[in-house]
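1. Model the following, please.
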Amino acid sequence: MSDLPRKAVTRTAKLAALPLGFAGRTAWGLGKRIGGKSAEIVGRELQQRTAEQLFRVLGELKGGAMKFGQALSVFESALPEEIAGPYRAALTKLQEAAPPMPVSTVHGVLVERLGEDWRELFQEFEDKPAAAASIGQVHRAVWHDGREVAVKVQYPGAGEALLSDLNQLGRFAKLLGPLIPGMDIKPLITELRDRVSEELDYELEARAQREHATEFADDPDVVVPEVVHQCDQVLVTEWMDGIPLSEVITDGTQSERDRAGQLLARFLFSGPARTGLLHADPHPGNFRLLPADPGGPKDAPWRLGVLDFGTVDRLPGGLPETIGEALRTTLEGDADAVYGMLRREGFVKEDIDLDPGAVLEYLVPIIEPAAAEEFTFTRGWLRQQAGRIADVRSPAHQLGKQLNLPPSYLLIHRVTLSTIGVLCQLGATVRLRDELEEWLPGFLPEVSPEGTPQGTPEAGPEGAEAPPEQAEGTAGRAGAE
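-> Numbers count the residues shown, from 1 in each chain. Alright, predicted model coming up:
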């Protein structure tokens, strides 16, 4: 029997205690203020206590609760700096550790799935887990052919726990909302719940990982471990060492942070173009910095190792061309073209009319990183964006409430936001525009056989057509304002 709390009553009681705890701390805070403590100090203490309770419970429960915590973890950069510390510590701990399964449970799964003689498949097998995740834990081992491998073993009852947790969390999503300013928690929980079956299917995960490993074999920048063996509840892949991205975030040099950020952006946009799949779980626990390939470029001292392909978005044609076109036309300042695209794709519903200029003003600051030759992602920048959208008094908040996110873009949206969150945790300076031009369909205008971008009028005798760098500078200034 696993130590994963599987009984519905136990799990529900733990999760139901969270909103009660939040309410209790609010009353405690009111009492402190009446007693003379400043609202600012009390608010900080409330946030710290809330973070500690929330992520302790989520980490203990594993399952959907831990999955939800990991999804939230990449957004800690959006929190005000004075309260981000407690969150950062709790979230980092959640990413890296969880109570392990008893050894007897692990062996039971291996006997059931690999057979009574499962030990013959391994030269060595470490009973102590090397890592724990939301639905399984990883053991280091040596395969019978001498390869070092990672053996992922799924928790018994993981599917039941995932659905139970996410259903329960969905019931008090509004109470969790204030944890991350500017983020609507309920769609995140719904999207996680919709993907439970894929997350549990190790055959689908193995297939996605094989496709990535094949495509990125011998790549100078990205490393994906090969799949060695797969069956129900057990997935064996090649072992990958390296520096966890969480350690780069806390202790890395600036050059390591910049390199990790550049490679993360490159993988995000190149993956769908090269494999037709989008890695959809970009939290720091799934990435490593690896030493450069001895035969690779001299100016590339690190490579990015990528793990965990349990959640992917299938995009046979790569990322939708509309995303690239919308980014480009926003940077060009063409409000009407942007608005027309958003309406056609369902981001603006048919029964709603918005001011195209206001929509452009809403979008430009968000895509500021795409306008610059290189951009430094910071917690301050992300807090500014989150605050702008979360402030109920701001026009951006009112306009954001009227926009719609079509279902086909839900996962792309979450992955993009999560990646930006990690880049801000890294504090990385990234040439994002280079990656967009290389990998994002529609970002660069199509060029006609004559060499003139299609849909772009030729410059008149006075050279009225603004050069690209001028358009970039205008977008950059708008973003800064």
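
2. From now on I want contacts and neighbour counts done on CA atoms only, so please keep to that.
-> Noted.

3. count of neighbours near the residue lying closest to residue 291 once chain neighbours are set aside?
-> Excluding the flanking residues, the one nearest residue 291 by CA to CA, 6 or more residues apart in numbering is residue 302, at 4.9 Å. The burial count assigned to residue 302 is 22, neighbours taken as other CA atoms under 10 Å.

4. Look at residue 238 and say how many residues are nearby.
-> 20.

5. what does the one 5 residues further on give?
-> The number of residues packed near residue 243 is 16, by other CA under 10 Å.

6. what pairs with it across the strands?
-> residue 289 (DSSP bridges).

7. which SS state does residue 208 fall under?
-> Here residue 208 is helix, with the state taken from DSSP: H, G, I helix; E, B strand; the rest coil.

8. Could you give the backbone dihedrals for the residue nearest to residue 436 when sequence neighbours are not counted?
-> Distance criterion CA to CA, 6+ apart; nearest residue to residue 436, sequence neighbours excluded, is residue 443 at 6.6 Å. Phi and psi for residue 443, reported as degrees, to the nearest 10, are phi -70, psi -40.

9. Make sure residue 443 is actually in contact with residue 437.
-> Yes. Contact criterion CA atoms under 8 Å: residue 443 and residue 437 qualify, at 6.1 Å.

10. Comparing those two, which residue is more hemmed in?
-> A count of neighbours by other CA under 10 Å puts residue 443 above the other of residue 443 and residue 437, at 20 against 16.

11. Tell me how many other residues crowd residue 408.
-> With other CA under 10 Å as criterion, residue 408 counts 11.

12. about what we covered before: quick one, grab the pLDDT at the residue nearest to residue 436.
-> If you check residue 443, the pLDDT there is 95.

13. do residue 290 as well
-> 95.

14. I'd guessed it sits against residue 302; true?
-> Yes. The pair residue 290 / residue 302 is scored as a contact, 5.5 Å apart, by CA under 8 Å.

15. Next, the contact list for the residue nearest to residue 436, please.
-> 321, 323, 324, 325, 326, 327, 328, 436, 437 (CA atoms under 8 Å, 6 or more residues apart in numbering).

16. Export the residues you listed as JSON lines, with columns for distance to residue 237, pLDDT and secondary structure.
-> Shown next, in JSON lines, are the contacts of residue 443 (distance: CA to CA, whole Å; pLDDT from 0 to 100; DSSP: H, G, I helix; E, B strand; the rest coil):
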{"residue": "321", "distance to residue 237": "34", "pLDDT": "95", "secondary structure": "helix"}
{"residue": "323", "distance to residue 237": "34", "pLDDT": "95", "secondary structure": "helix"}
{"residue": "324", "distance to residue 237": "35", "pLDDT": "96", "secondary structure": "helix"}
{"residue": "325", "distance to residue 237": "38", "pLDDT": "96", "secondary structure": "helix"}
{"residue": "326", "distance to residue 237": "39", "pLDDT": "95", "secondary structure": "helix"}
{"residue": "327", "distance to residue 237": "38", "pLDDT": "96", "secondary structure": "helix"}
{"residue": "328", "distance to residue 237": "40", "pLDDT": "96", "secondary structure": "helix"}
{"residue": "436", "distance to residue 237": "31", "pLDDT": "97", "secondary structure": "helix"}
{"residue": "437", "distance to residue 237": "33", "pLDDT": "96", "secondary structure": "helix"}
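
17. of all those, which two lie farthest apart?
-> The two members of the contacts of residue 443 with the most space between them (CA to CA) are 326 and 437, at 13.5 Å.

18. which residues in the stretch 351-481 of the chain form helices?
-> Along the stretch 351-481 of the chain, counting by DSSP state H, counting those that start in this stretch, helices occupy 356-363, 368-371, 379-390, 395-402, 410-426, 432-439, 468-480.

19. quick one: the helices in the stretch 51-200 of the chain?
-> 63-73, 81-96, 103-114, 158-171, 173-176, 185-194, 196-200.

20. returning to what we had before: out of the helices of the stretch 351-481 of the chain, nearest to residue 259?
-> helix 410-426 (10.0 Å).
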